[in-house]
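Q: Next one to model:
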Amino acid sequence: MQPRTVHIIGVPLDLGQRRRGVDMGPSALRIAGIDAQVAALGHTVVDKGDLPVPIPETCDPGESRRKYVREIAAVCAALHTTSLASLTQGAFPLVLGGDHSLGAGSVAATADWAAARGESIGLVWVDAHGDMNTPESSLSGNVHGMPLAALLGPEPSELARLGSRRPSVSPDRTVLVGIRHLDDLEKRIVRASGVHVFTMKDIDRLGMAAVAQQAIAIASRGTAGIHVSFDMDACDPSIAPGVGTAVKGGIDYREAHLLMEMLADSGLVAALDIVEINPILDARNSTAELGTELALSVLGQKIL
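A: Modelled structure (predicted):
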């Protein structure tokens, strides 16, 4: 990978889920040395700091089916502006979360960057969960389970309105990898959506190399590049214990790195989110260290 300018953007957002702690994810990744290690690869690193995010104690959750959605939308709008500015300047946005609801802003920014060139983007969404619930289907009302629904369709409307494209991404260029925990209603939504899904069963049967190859082919076909949004709960809790919604049977260490290394080899990744690190639940910052390693793999770190 050629040296690039990498803009680190922290989003200490935890309004999207019920469990506190992911607001400290950006700090944990910085403590793990993400800035210095990215710079050691030859990239120019500019840390843009953290976006301002309100805390739940100062907010009214509002509707029970879309808790804190107005505040989350405001944070995502600020992230959209910041990420789009970075992309327009030719930089690579490395977004540190924070819960996954931030993806509604970061992905919309990459989509608008491509739209300005008359193109669209592909999306690789790495997650244990589908994040395609709507306020009508969600059992919890937690918005971190809804960002992909907003990027693909009209709800929640507060997030779906971000950016200039409607929808931000096309289902036939959207790939979910590592899925293993879906609500019953969400299963129907995912099946009907037209997105491409590689569950853990698919990874077990086909192997990560084949899954990554197919995911890159799907997301890159006719697009300006690929946005990668990586929820650390996609990894097995044995290697990523510090996440808010851990699910057994996830991606293992080498599978995670292989996926990111193959994405790097494609030369098509335009932006990256690393989200849902909860230091309160972590063991000696190991999940943040893994997140840092995975970001390095996307940015060109090689074994040899």
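
Q: quick one, strands of this structure?
A: Using DSSP state E, the strands found in the chain span residues 5-11, 44-50, 92-97, 122-126, 174-179, 196-199, 226-231, 269-275.

Q: Now do the third one against strand 269-275, angle only.
A: Taking axes from the mean of the first three to the mean of the last three C-alpha atoms, to 10 degrees, strand 92-97 and strand 269-275 form an angle of 10 degrees between their directions.

Q: Not counting its own residues, what contacts strand 92-97?
A: Contacts of strand 92-97 with the rest of the structure, by C-beta atoms under 8 Å, 6 or more residues apart in numbering, involve 4-11, 13, 22, 25-26, 29-30, 34, 38, 43, 79, 82-83, 86-87, 102, 106, 109-110, 269-277, 295, 299. Glycine gets a C-beta too; all of them are placed from N, C-alpha and C.

Q: Thought residue 109 was touching residue 164, still the case?
A: No: using C-beta atoms under 8 Å, residue 164 makes no contact with residue 109, being 10.3 Å away.

Q: and these two? which has more neighbours close in?
A: Comparing residue 164 with residue 109 by neighbour count (other C-beta atoms under 10 Å), the higher total belongs to residue 109, at 30 against 13.

Q: can you tell me which residues contact that one?
A: With C-beta under 8 Å, 6+ apart, residue 109 has these contacts: 79, 80, 81, 82, 83, 84, 87, 93, 163, 271.

Q: If we use 10 Å, what do you get?
A: Listed by C-beta atoms under 10 Å, 6 or more residues apart in numbering, the contact set of residue 109 reads 9, 76, 79-88, 93, 95, 162-163, 168, 227, 270-271.

Q: and these, which are buried?
A: 9, 76, 79-80, 82-84, 86-87, 93, 95, 162-163, 168, 227, 270-271 (16 or more other C-beta atoms under 10 Å).

Q: With distance to residue 142 and mean pLDDT added, can I get the strands of the chain in TSV?
A: Shown next, in TSV, are the strands of the chain (distance: least, C-beta to C-beta, whole Å; pLDDT from 0 to 100):
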stretch	distance to residue 142	mean pLDDT
strand 5-11	17	98
strand 44-50	22	98
strand 92-97	15	98
strand 122-126	17	99
strand 174-179	18	98
strand 196-199	21	98
strand 226-231	14	98
strand 269-275	14	98
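
Q: So which of these is nearest residue 255?
A: With C-beta to C-beta as the measure, strand 174-179 is the member of the strands of the chain nearest residue 255 (8.7 Å).

Q: Could you give the number of residues near residue 210?
A: Residues near residue 210, counting by other C-beta under 10 Å: 13.

Q: Repeat that for residue 147.
A: Residue 147, neighbours per other C-beta under 10 Å, totals 32.

Q: cool, residue 205 as well?
A: Neighbour count of residue 205, defined by other C-beta under 10 Å: 11.

Q: what's near enough to touch it?
A: Residues in contact with residue 205 (C-beta under 10 Å, 6+ apart) are 198, 199, 211.

Q: if I look at it, how far off is residue 249?
A: 14 Å (C-beta to C-beta, to the nearest Å).

Q: Quick check, pLDDT for residue 183.
A: For residue 183, the pLDDT comes out at 89.

Q: thinking it is in contact with residue 145, fair?
A: Yes: judged on C-beta atoms under 10 Å, residue 183 makes contact with residue 145 at a distance of 8.2 Å.

Q: Common neighbours of these two, please.
A: By C-beta under 10 Å, 6+ apart, the residues touching both residue 183 and residue 145 are 129, 130, 132, 133, 137, 138, 139.

Q: If any of the residues you listed are buried, put those into a PyMOL selection.
A: Remark: buried members of the shared contacts of residue 183 and residue 145, expressed as a PyMOL selection using 16+ other C-beta under 10 Å:
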select buried, resi 129+130+132+133+137+138
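
Q: and which of the shared contacts of residue 183 and residue 145 is nearest to residue 173?
A: Nearest to residue 173 among those is residue 132, at 15.4 Å by C-beta to C-beta.
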